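Chemist: build the 3D model from these lines:
(one chain, ligands or ions: 3)
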Amino acid sequence: MALKSFIEVHTSSHFPIQNLPYGVFKPEPGSVARPGVAIGDCVLDLSVIAAAGLFNGPILNNSDCFNEPNLNKLLALGRPAWKEARATLQKLLSSTEPSLRDNESLRQKSLIPLSDVEMVLPIAIGDYTDFFSSLHHAKNCGTIFRGPQNPIPPNWFHLPIAYHGRASSIVISGTDITRPRGQGPPAGNSPPPFGPSVKLDFELEMAAIVGPGNELGKPVDVNEAADHIFGLVLMNDWSARDIQAWEYVPLGPFLGKSFGTTISPWIVTLEALEPFSCEAPKQDPHPLPYLAEKISKNYDISLEVQIKPAGQDDSHVVTKSNFNNLYWTLTQQLAHHTINGCNLRPGDLLGTGTISGPEPESYGCLLELTWNGQKQLSLNGTPRKFLEDGDEVIISGVSKGNGYNIGFGTCSGKIVPSPP
Ligand SMILES: O=C(O)/C=C/C(=O)CC(=O)CC(=O)O
Ligand SMILES: [Ca+2]
Ligand SMILES: [Mg+2]
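Modeler: Numbering: from 1, shown residues only. Ligands and ions are numbered 1, 2, ... in the order given. Take a look at the predicted model:
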């Protein structure tokens, strides 16, 4: 029989007992942030569960990792601790286990409606790297920026390309994004134009949260890389295409992407996603031995982006894609990141890159969807080439199982005008 919680969870919920994603929340404004897991329409306060002595397994018994304002301590403990925490929480929340179900005062203290809490960044992010791992995205961007002859750079099929992003401007879903100002490409011999970006874009991405990480000088083997990934979040790598196009030669993206990156509040663990794992695309040419993995895994996660223009009540779907469109796997990305000896640390964030599918309806950013503004989208009659002030971009992600969902909730942000 399927695992069931004593808490009522609607079949359409993203957060059944099979999921139990981790986040960090404040029960009320001004209170101390603490870790929780989402269950149905509630969050279970893990600091309360720990204080009640209910994390009683050999690793987490007496651990203070749930009395922290972020999940970094839990991440550092590694997969054995994560498995123990999941087993403890699934048992505690199950319909057949009385210890929380029948303890009214503990239930009162530990279970809080999601609508009452404020979610904050679940991790302290030391470093953020963003990959470029969808073949369709790489092909489309290359065609737009460099023409159709050789859209994909020759290195692309041999290594997962990435750039170092900016950790300081990563924000939690719901945070407004200020339209960046900057230089754009000059027309002819004129000086570069300066002002609010006129090509502001979203990028549909997911990101991996790094667990224990590695010592400087000691690369992670690709076949052990999964033990360094705690879970995944949704991510929007906001991009100013005009700033980017002018600045990115030859060192890559800088101010065109560092003004804000939004992540969703709930980290869905690889354990919860395991039933949705699928074979990654066949790689041709065969990757070098350090990137050749015994099991090459993707996940079947349906992704969708909606835009809600200012003053409108409804949002409009602009694209539908799937995580399984990635060519380079999460584990190859992580192994490649460390192959030169670079150390990853608990809480580092590894973006997948824009997740575009093969069909025009599955492209992961407006640059591709409107072909750099040559076409426009219709948001139920409202035209869009790039984002306008007041637009809210809402990413959602879900894996649909037999009678239950493993969902990510949403990752949203609204564009507010540049400063005068
Ligand atoms: O192929 C190019 O020259 C440019 C590629 C991009 O602009 C893609 C991009 O924005 C990188 C990213 O996914 O963040
Ligand atoms: Ca990106
Ligand atoms: Mg960004």
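
Chemist: sec struct for residue 73, please.
Modeler: Look at residue 73: counting by DSSP: H, G, I helix; E, B strand; the rest coil, its state is helix.

Chemist: that should have said residue 109, apologies.
Modeler: Quick answer, by three-state DSSP: residue 109 is helix.

Chemist: so in terms of bridging, what pairs with the residue of the chain found nearest ligand 3?
Modeler: When scored by CB to the ion, the chain has residue 261 as its residue closest to ligand 3, at 3.5 Å. Backbone N, C-alpha and C define where each C-beta goes, glycine included. Under DSSP bridges, the beta-bridge partners of residue 261 are residue 170.

Chemist: that one against residue 168, yeah?
Modeler: No. Using CB atoms under 8 Å, residue 261 makes no contact with residue 168, being 10.0 Å away.

Chemist: what about those two, which has more around it?
Modeler: In this view residue 261 and residue 168 are compared by other CB atoms under 10 Å, and residue 261 has more residues nearby, 28 against 9.

Chemist: residues contacting the more buried one?
Modeler: Listed by CB atoms under 8 Å, 6 or more residues apart in numbering, the contact partners of residue 261 are 128, 165-166, 169-171, 235-238, 351.

Chemist: of those, which is the most crowded?
Modeler: residue 235 (29 neighbours).

Chemist: for the residue of the chain positioned farthest from its centre, helix, strand, or coil?
Modeler: What lies farthest from the middle of the chain is residue 189; by CA atoms, centre = their mean that is 40.9 Å. Three-state call for residue 189 (three-state DSSP): coil.

Chemist: what residues are up against it?
Modeler: Taking CB under 8 Å, 6+ apart as the definition, residue 189 has no contacts.

Chemist: residue numbers of this protein in contact with ligand 2?
Modeler: 130, 203, 237 (CB under 5 Å from the ion).

Chemist: if you set the cut-off to 8 Å instead, what comes out?
Modeler: Counting by CB under 8 Å from the ion, the positions of the chain adjacent to ligand 2 are 130-132, 165, 203, 205, 237, 239, 253, 257, 351, 353-354.

Chemist: now those as TSV including distance to residue 222 and pLDDT?
Modeler: Shown next, in TSV, are those (distance: CB to CB, whole Å; pLDDT from 0 to 100):
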residue	distance to residue 222	pLDDT
130	20	98
131	15	98
132	18	98
165	22	98
203	26	98
205	22	99
237	25	98
239	29	98
253	26	96
257	27	98
351	19	99
353	18	98
354	23	98
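
Chemist: which one of these is nearest to ligand 2?
Modeler: Checking the residues of the chain next to ligand 2 one by one against ligand 2 (CB to the ion), the nearest turns out to be residue 237, at 3.6 Å.
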